[in-house]
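A.B. asks: The following block contains a protein sequence and its predicted model.
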Amino acid sequence: MFLKRISLLRDNGAAMEQYPYTIPAIHHLEKIDLASPVVFFVGENGSGKSTLLEAIADRCGFHPAGGGRNNTYEVHASGASLADSIRLSWMPKITNGFFMRAESFYHFATHIDQLEEDDPSAYASYGGRSLHEQSHGESFFSLFQNRFSGQALYLLDEPEAALSPQRQLAFLRILHELAEQEGCQFVIATHSPILLGYPGAQILHFTDGPIEEIGYEETDHFKITKYFLDHREKFLKDILSD
């Protein structure tokens, strides 16, 4: 374990009445203690998951639009202002890691293409060829398989966005090997009930109140998916009827 606690500083002059501090989960944030090598952020769209994850990435020195400490390129990052109010507690502190942001992954792939023009080895960490020459899912998997290695912190924003259910299961295997065998830590914002099923993971629920820890079966992702699979015809009839 590296990152142990995330705290919000309220006395640093930030305008708490303005975005992103008006997001309920951020507004109520005091501190979050991370209790597992794999931590999931869950909640509805707009609940603050990605905003907080991006601020953590910025605070770690990772590119807030996606990348590590050595990646530099221009893309707007909405969570940058929040980073100024975030305190991270470490044991021990590390500098290795990566922030993967599905929303801006195209820009990161373009950045790697530009690096390759000056350094023919730039593609080595991404499957040996341009991420743009791979499908969206393949490019994600190339990143997981080739760029990720031990003793590092990985912040992932919706990594399932381009992955089929089968590839999500394969990603769980990679996640397990990196966390259990190579000492990596993951903080992941996700909507995937498959990824959330990872054993022993800590699940933090972003709500209209304080962020709270919940069990897998308590997540809406599990409840809705299970109900749909168990009662598909009734479920569809209810939501599609006039």
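C.D. replies: Happy to help now that I have it. Just so you know, these numbers come straight off a predicted model, no measurement behind them. Numbers count the residues shown, from 1 in each chain.
A.B. asks: what packs against the lowest-mean-pLDDT helix or strand in the chain?
C.D. replies: Within the chain, no helix or strand scores below helix 105-118, which has a mean of 72 by mean pLDDT, DSSP states H and E. In terms of contacts (3 or more Cβ pairs under 8 Å, 6 or more residues apart in numbering; DSSP states H and E), helix 105-118 is packed against helix 136-142. (Glycine included, C-beta is placed from N, CA and C.)
A.B. asks: residues of the helix it packs on that come out buried?
C.D. replies: Neighbour counts over helix 136-142 (16 or more other Cβ atoms under 10 Å) mark 138, 139, 140, 141, 142 as buried.
A.B. asks: Which residues does the longest helix along the chain contact?
C.D. replies: Secondary structure assigned by DSSP state H gives helix 165-181 as the longest helix of the chain. Where contact means Cβ atoms under 8 Å, 6 or more residues apart in numbering, the residues beyond helix 165-181 that reach it are 37-38, 137, 141, 144-145, 148-150, 154, 159-160, 163, 184-186, 192, 194-195, 197-198.
A.B. asks: again with stretch 207-223
C.D. replies: Under the contact criterion Cβ under 8 Å, 6+ apart, stretch 207-223 has outside partners 24-25, 28-30, 32, 42-43, 47, 191-193, 196-197, 201-205.
A.B. asks: circling back: I'd like the buried residues of helix 136-142 written out as JSON lines, with pLDDT and distance to residue 123 added.
C.D. replies: Shown next, in JSON lines, are the buried residues of helix 136-142 (pLDDT from 0 to 100; distance: Cβ to Cβ, whole Å):
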{"residue": "138", "pLDDT": "78", "distance to residue 123": "13"}
{"residue": "139", "pLDDT": "77", "distance to residue 123": "12"}
{"residue": "140", "pLDDT": "77", "distance to residue 123": "16"}
{"residue": "141", "pLDDT": "79", "distance to residue 123": "15"}
{"residue": "142", "pLDDT": "78", "distance to residue 123": "9"}
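A.B. asks: just to revisit the earlier point, the longest helix of the chain: which residues count as buried?
C.D. replies: Buried, per 16+ other Cβ under 10 Å, within helix 165-181: 167, 168, 171, 172, 175, 178, 179.
A.B. asks: List the neighbours of stretch 33-42 that are in contact with it.
C.D. replies: With Cβ under 8 Å, 6+ apart as the criterion, stretch 33-42 contacts 1, 3-6, 49, 52-53, 175, 179-180, 184-191, 195-196, 198, 200-206, 214, 219-221.
A.B. asks: where exactly do the strands run in the protein?
C.D. replies: Applying DSSP state E to the chain gives strands spanning 3-8, 31-33, 38-43, 86-90, 97-101, 153-157, 185-189, 202-206, 212-214.
A.B. asks: Please name the strands paired to the last one in the sheet, noting orientation.
C.D. replies: The strands beside strand 212-214 in its sheet (DSSP bridges) come out as strand 202-206 (antiparallel).
A.B. asks: what does the fourth one give?
C.D. replies: Strand 86-90 sits in its sheet next to strand 3-8 (antiparallel), going by DSSP bridges.
A.B. asks: Measure how the partner strand sits relative to strand 185-189, angle-wise.
C.D. replies: Regarding strand 3-8 and strand 185-189, their directions subtend 40 degrees when assessed with axes from the mean of the first three to the mean of the last three Cα atoms, to 10 degrees.
A.B. asks: what residue ranges in this structure score low on pLDDT?
C.D. replies: 12-14, 69-80, 103-107, 115, 136, 242 (pLDDT under 70).
A.B. asks: ok, 50 please
C.D. replies: Within the chain, the segments meeting pLDDT under 50 span 79.
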